[in-house]
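In: generate a structure from the sequence data that follows.
(chains A and B)
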Protein chains: 2
Amino acid sequence: MKAARIEYRYKVEPADSDKVRKIAESSGFFNPEEIDIAAELVDDRISKGEKSGYFFIFAEMNGRTVGYACFGPISGTQCSFDLYWIAVDQDLRGQRIGKELLKKSEEAIHAMNGRRIYVETSSRNQYAPTRAFYINNAYRLEATLKDFYAPGDSKNIYVKGI
Amino acid sequence: MKAARIEYRYKVEPADSDKVRKIAESSGFFNPEEIDIAAELVDDRISKGEKSGYFFIFAEMNGRTVGYACFGPISGTQCSFDLYWIAVDQDLRGQRIGKELLKKSEEAIHAMNGRRIYVETSSRNQYAPTRAFYINNAYRLEATLKDFYAPGDSKNIYVKGI
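Out: Sure thing, here's the model as predicted:
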């Protein structure tokens, strides 16, 4: 199979709010409340600019936006960043687009003087691929908050020094 | 010494933004950026109401606001709350006002169906009294994120089930 030709875009546009919503829905990993939040982060970025604290990288194939990453500095910290979201359209999984989005996010964070990247995921079985993704990309499980999301649904906090 | 007669107020008023700023400054535990955030949370509550996700309890003595607590549900969780701030005027420390604010916050959180309360503090020596305060009130250190705030300045996450 020929690898997809992907281009990466760093500029955020108003239409990205809907695009992000569709990608997050398609990925199957997010609930409706989370999808609303994903779109709100784009709106916040559009209205406030970089002051919003949200930065985006979009993956595009033949003009179609097929994945994105969202990250930003953690206020009150010197050089810690949160990686809020990485999502790729369901029909394009397995093509290393997520891995490339992660790599480009890490480069962008490093350029903004970020030195530690934090990612939070649920302990539920549904998120086993998410956890494997971060472990495979050299993120380390630093803490688990038991029953954080709900009874039986803990929060795992991963970190990577860059 | 006669114990101070303290009354507790749950309603948030526009003037609380300045009051919160003064209390946070007086306590000596917060930097200017944190004090700005403390005041912004009040403004957010005033403009958005309970939808802001920020709830407050104010401690008042003879009509003067001398301390406050701020907490709220953690979005995406079923019954977890963050306790964002507890601060008491420097000249009124040692009178158990903080302890009483904490107790009333826990009661209010429980009434809102909260069952876990999270508190985050810095590992720096300056915050030893803060950490002792939570430990003395049955909070348990659940996780430490090393160098989270800055090199040598870790984040401690405490939790209490209620």
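In: tally of neighbours for A:Lys160?
Out: The number of residues packed near A:Lys160 is 20, by other Cβ atoms under 10 Å in any protein chain shown. For the C-beta atoms, the positions are set from N, CA and C on the backbone; glycine is no exception.
In: please disregard the earlier target; I meant A:Asp36.
Out: Counted with other Cβ under 10 Å, residues neighbouring A:Asp36 total 12.
In: now swap in A:Arg9 and tell me
Out: For A:Arg9, the neighbour count with other Cβ under 10 Å is 14.
In: isn't it right next to A:Gly63, touching?
Out: No: counting by Cβ atoms under 8 Å, A:Arg9 sits too far from A:Gly63 to count as a contact (10.6 Å).
In: now the common contact residues for the two.
Out: Shared contacts of A:Arg9 and A:Gly63 (Cβ atoms under 8 Å, 6 or more residues apart in numbering or on different chains): none.
In: what residues are up against A:Ser80?
Out: Counting by Cβ under 8 Å, 6+ apart, A:Ser80 touches A:73-74, A:114-118, B:148-149.
In: can you list those in JSON lines and add pLDDT, secondary structure and neighbour count?
Out: Output for the contacts of A:Ser80, formatted as JSON lines (pLDDT from 0 to 100; DSSP: H, G, I helix; E, B strand; the rest coil; neighbours: other Cβ atoms under 10 Å in any protein chain shown):
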{"residue": "A:Pro73", "pLDDT": "98", "secondary structure": "strand", "neighbour count": "19"}
{"residue": "A:Ile74", "pLDDT": "96", "secondary structure": "coil", "neighbour count": "18"}
{"residue": "A:Gly114", "pLDDT": "98", "secondary structure": "coil", "neighbour count": "23"}
{"residue": "A:Arg115", "pLDDT": "97", "secondary structure": "coil", "neighbour count": "17"}
{"residue": "A:Arg116", "pLDDT": "98", "secondary structure": "strand", "neighbour count": "22"}
{"residue": "A:Ile117", "pLDDT": "98", "secondary structure": "strand", "neighbour count": "23"}
{"residue": "A:Tyr118", "pLDDT": "98", "secondary structure": "strand", "neighbour count": "22"}
{"residue": "B:Phe148", "pLDDT": "98", "secondary structure": "strand", "neighbour count": "25"}
{"residue": "B:Tyr149", "pLDDT": "96", "secondary structure": "strand", "neighbour count": "19"}
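In: mind putting those into JSON lines with distance to A:Leu41?
Out: As requested, the contacts of A:Ser80 are exported to JSON lines (distance: Cβ to Cβ, whole Å):
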{"residue": "A:Pro73", "distance to A:Leu41": "14"}
{"residue": "A:Ile74", "distance to A:Leu41": "15"}
{"residue": "A:Gly114", "distance to A:Leu41": "18"}
{"residue": "A:Arg115", "distance to A:Leu41": "23"}
{"residue": "A:Arg116", "distance to A:Leu41": "21"}
{"residue": "A:Ile117", "distance to A:Leu41": "17"}
{"residue": "A:Tyr118", "distance to A:Leu41": "16"}
{"residue": "B:Phe148", "distance to A:Leu41": "22"}
{"residue": "B:Tyr149", "distance to A:Leu41": "23"}
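In: may I ask which two of those residues are separated the most?
Out: Pairwise distances across those peak at 14.9 Å for A:Ile117 and B:Tyr149 (criterion: Cβ to Cβ).
In: surely A:Thr130 is within a strand?
Out: No: A:Thr130: not assigned to a strand; according to DSSP: H, G, I helix; E, B strand; the rest coil it is helix.
In: quick one, what contacts it?
Out: Residues counted as contacts of A:Thr130 (Cβ under 8 Å, 6+ apart) are A:29, A:121.
In: any idea which of the contacts of A:Ser80 is closest to B:Gly53?
Out: Nearest to B:Gly53 among the contacts of A:Ser80: A:Ile74, at 18.2 Å, using Cβ to Cβ.
In: next, the residue nearest to the closest one when sequence neighbours are not counted: phi, psi?
Out: Leaving aside its sequence neighbours, A:Ile74 sits nearest to A:Ser80 (Cβ to Cβ, 6 or more residues apart in numbering or on different chains; 4.6 Å). The phi/psi pair for A:Ser80 (degrees, to the nearest 10) reads phi -100, psi 140.
In: which residues touch the residue nearest the centre of chain A?
Out: The residue lying closest to the centre of chain A (Cα atoms, centre = their mean) is A:Trp85, at 2.1 Å. Contact partners of A:Trp85, counting by Cβ under 8 Å, 6+ apart, are A:24, A:38, A:41, A:68-70.
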